[in-house]
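Colleague: no sequence on this one, just coordinates:
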């Protein structure tokens, strides 16, 4: 019988080469290179940027900065709860969705 995986046990790290900055107030801005044919056309004809600067607001920046390749999603949730209390609820439902989005856009990667 296969053991079912629990998303809260997953550990995420930052992908190699990811460029981001953090302001004095803790806001994270991730630089995302716009690649692919469609983006090349948009850059050439519509003056779209080669790099987009994606700002992670409030709690999103805090969560991103907690990703260290060692903490599980559960551990990060505990840190979020300590800082944001009721504002973070429903905590793990929201956190799991956010982590999946970060992974989807390539801002974090699941560790082996």
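Modeller: Thanks, I have it. Computed from a predicted structure; not experimentally measured.

Colleague: look at residue 20 and give its secondary structure.
Modeller: strand (DSSP: H, G, I helix; E, B strand; the rest coil).

Colleague: I'd assumed residue 28 was in contact with it.
Modeller: Yes. Residue 20 lies in contact with residue 28 (CB atoms under 8 Å); the separation is 5.7 Å. Bear in mind the C-beta positions are built from the backbone N, C-alpha and C, glycine included.

Colleague: overlap in contacts, the two.
Modeller: Here residue 20 and residue 28 have residue 64 as joint contacts, going by CB atoms under 8 Å, 6 or more residues apart in numbering.

Colleague: buried residues in stretch 90-105, which are they?
Modeller: By neighbour count with 16 or more other CB atoms under 10 Å, stretch 90-105 contains the buried residues 91, 92, 95, 98, 99, 102.

Colleague: state the distance from the last one to residue 91.
Modeller: Okay, so that is residue 102. 16 Å (CB to CB, to the nearest Å).

Colleague: determine the number of other residues adjacent to residue 28.
Modeller: By other CB atoms under 10 Å, 19 other residues sit near residue 28.

Colleague: cool, residue 30 as well?
Modeller: 20.

Colleague: and the helices in this protein, which stretches?
Modeller: Secondary structure of the chain (DSSP state H): helices at 37-46, 58-66, 73-84, 91-104.

Colleague: I'd like to check the angle between the last one and helix 73-84, please.
Modeller: Read it as helix 91-104. In terms of direction (axes from the mean of the first three to the mean of the last three CA atoms, to 10 degrees), helix 91-104 departs from helix 73-84 by 120 degrees.
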